[in-house]
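>>> Make a model of this:
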Amino acid sequence: MTRIFRTPRTFRTVTLALATSLCALLLAVPSAIGGPAAKPRAHASASFLTGVGDEGLAMFLNPMWQQLHTKIVRYIAPYDAAVHADDLSRARGWIAHAEAEHQQVLVAFYHSQHSPTKLPSISSYQKDVAKFVKLFPHVRQYQSWDEANRGNVPHSFSSPSAASAARYYQALKRVCKGCTVIGLDVLDANTINATLRYIKEFKREVVRLHTVMPSIWGLHNYSDINRLESWRTRELTKAFGGQVWLTETGGIVQFKPSFKNTRGSGLTRAAKVLKYMFAVAASRPQIKRLYIYNWTGGNSSTRFDAGLTNAHQQPRPGYLIVCKALHAAKCSVKTAKN
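Numbering: from 1, shown residues only. Sure, this is the predicted structure:
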C-alpha cells in the first residue's frame with residue numbers, strides 16, 4: 001500500500017485520493033473476499049522467511065512483536081530522505097531500532113514527501129540514494145521504487161513508467177555495489193494484464209540498458225489473497241522468472257466504504273486471509289520472503305487498516321495466526337475487539 005510518512009509515534013495512513021483509486025483496484029469484485037477458496041498446495045521445498053513492514057518505532061518496543069523472533073523488516077523511505085532533515089531523522093531512528101533488534105533491513109525507496117508529484121531525474125535520484133546508502137552502511141538490501149506500477153494520483157503523488165523504473169534500478173545498483181537490489185516492486189490488481197505489461201516493459205528496458213536482469217522480484221499480492229485466491233500470485237511469479245519476495249502482503253481489517261470492521265467482522269476476515277497468505281507462500285517455491293503489512297492498525301475512523309495490532313498496540317486475531325505460524329512460545333493472548 002502507498003502511504004504518507006508520519007512522525008515515529010504514529011502509523012502510516014492512506015490519503016483519500018489514494019484509497020479511492022486503490023479501492024477500485026482491490027475491490028472490483030467485493031463479493032469475492034470471504035468467499036470459497038481453493039486451498040493452495042504446499043510445495044515440498046517451500047521455505048521462506050517472514051517479517052513485518054512498518055514505519056513506526058512502537059513495533060520494536062512491543063513484547064508481542066519481540067516474541068515473534070523475526071529476522072527481517074521492511075522500511076519505506078523517500079528517495080531523497082538523505083537530503084531532508086525530517087525524513088532522515090525518521091529513517092535514522094527506525095533503522096537504529098531495527099538493527100538493535102538484530103533485524104535485516106530492506107529499504108524501499110519511494111516518492112519525495114516534499115515534492116511527491118515530481119519524479120526525479122535519473123541523476124538526481126542516483127545522487128540522493130547514494131547519500132542514503134553511505135549513511136547506512138549496514139543496510140545492504142534495497143528496492144529502487146515501492147509499488148512502481150501504482151500509477152499517478154493527481155495532486156497526491158506520481159509513479160514512474162516501466163522504462164523509468166528500470167533506470168532507477170540501474171542507478172541504485174551503480175551506487176550500492178555488492179548490495180541485494182530487488183527488481184520491480186509491483187502491486188497486483190483484480191485484473192493483472194496491466195501489471196504483466198509493466199513487467200515485460202521493465203525487462204525490455206533492462207536489456208536495452210545492458211544492465212544485469214534482477215534475480216529477485218517484489219510483489220504486493222493484496223488483491224489476490226484478500227479474495228482468498230492465488231492465481232494472480234502464480235501468474236505474476238511466472239512472469240518474473242526468478243526468486244520472489246512478497247514485500248507487502250496481509251489481511252485487510254477495514255477498507256471503507258466496501259469493507260467495514262462491523263462488530264469485529266473485519267478482524268475475523270483478516271485473520272482468515274493471513275492464514276491463507278501463508279498457504280499461498282508455501283505453494284510457490286519461488287517465494288522466499290514475505291513481509292506482512294503492517295504492525296500498527298487504526299480505529300473505527302481509519303479508512304485503510306491492515307494492522308496485526310490495533311491503534312493501542314493490542315494484538316488482534318490476525319496476530320495469533322502469525323504468532324502460531326512462526327511457532328512463538330506464548331501465542332495464547334487475549335485479542336482486541338477493534
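>>> in the longest helix along the chain, what counts as buried?
Longest helix in the chain by number of residues, with DSSP state H as the criterion: helix 265-283. By 16 or more other CB atoms under 10 Å, the buried positions in helix 265-283 come out as 266-283. (Each C-beta comes from the backbone N, C-alpha and C, glycine too.)
>>> between the helix or strand just after that helix and helix 265-283, how many degrees?
Of the helices and strands lying after helix 265-283 in sequence (DSSP states H and E), the nearest is strand 287-293. Counting by axes from the mean of the first three to the mean of the last three CA atoms, to 10 degrees, strand 287-293 points 170 degrees away from the direction of helix 265-283.
>>> Quick check: neighbours of whatever helix or strand comes next after strand 287-293 in the sheet, parallel or antiparallel?
Using DSSP H and E, the helix or strand that follows strand 287-293 in sequence is strand 304-305. Paired strands of strand 304-305, with direction, are strand 254-255 (antiparallel) (DSSP bridges).
>>> from the chain's centre, how far out does the strand it pairs with sit?
17 Å (CA atoms, centre = their mean, to the nearest Å).
>>> try stretch 271-285
16 Å.
>>> send the alpha carbons of that stretch over as PDB?
In PDB, the C-alpha atoms belonging to stretch 271-285 read as follows (Å, rounded to 0.1, in the frame of the first residue of the first chain):
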ATOM      1  CA  ALA A 271      -7.200 -13.500  10.300                       C
ATOM      2  CA  LYS A 272      -8.600 -15.900   7.700                       C
ATOM      3  CA  VAL A 273      -6.700 -14.100   4.900                       C
ATOM      4  CA  LEU A 274      -3.400 -14.200   6.900                       C
ATOM      5  CA  LYS A 275      -3.800 -17.900   7.300                       C
ATOM      6  CA  TYR A 276      -4.400 -18.200   3.600                       C
ATOM      7  CA  MET A 277      -1.400 -15.900   2.900                       C
ATOM      8  CA  PHE A 278       1.000 -18.500   4.500                       C
ATOM      9  CA  ALA A 279      -0.600 -21.300   2.400                       C
ATOM     10  CA  VAL A 280      -0.100 -19.300  -0.800                       C
ATOM     11  CA  ALA A 281       3.500 -18.600   0.000                       C
ATOM     12  CA  ALA A 282       4.200 -22.200   0.800                       C
ATOM     13  CA  SER A 283       2.600 -23.300  -2.500                       C
ATOM     14  CA  ARG A 284       5.200 -21.300  -4.600                       C
ATOM     15  CA  PRO A 285       8.800 -22.400  -4.300                       C
END
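>>> Next up, the contacts around the closest residue to Q103 other than its chain neighbours.
Distances taken as CB to CB, 6 or more residues apart in numbering place V73 nearest to Q103, at 4.6 Å, with adjacent residues excluded. Going by CB atoms under 8 Å, 6 or more residues apart in numbering, V73 touches 51-54, 98, 103-106, 291.
>>> got it, and M64?
Counting by CB under 8 Å, 6+ apart, the residues that M64 touches are 309, 313, 315, 319, 323, 333.
>>> Which neighbouring elements make contact with the longest helix of the chain?
helix 222-225, strand 243-249, strand 287-293, helix 317-325 (3 or more CB pairs under 8 Å, 6 or more residues apart in numbering; DSSP states H and E).
>>> what's the angle from it to helix 317-325?
Using the same axes, to 10 degrees, the direction of helix 265-283 lies 30 degrees away from that of helix 317-325.
>>> helix/strand/coil for K177?
coil (DSSP: H, G, I helix; E, B strand; the rest coil).
>>> which residues of this structure fall in strands?
If DSSP state E is used as the criterion, the strands of the chain fall at 49-53, 72-78, 104-110, 141-143, 180-182, 185-187, 216-220, 243-249, 254-255, 287-293, 304-305.
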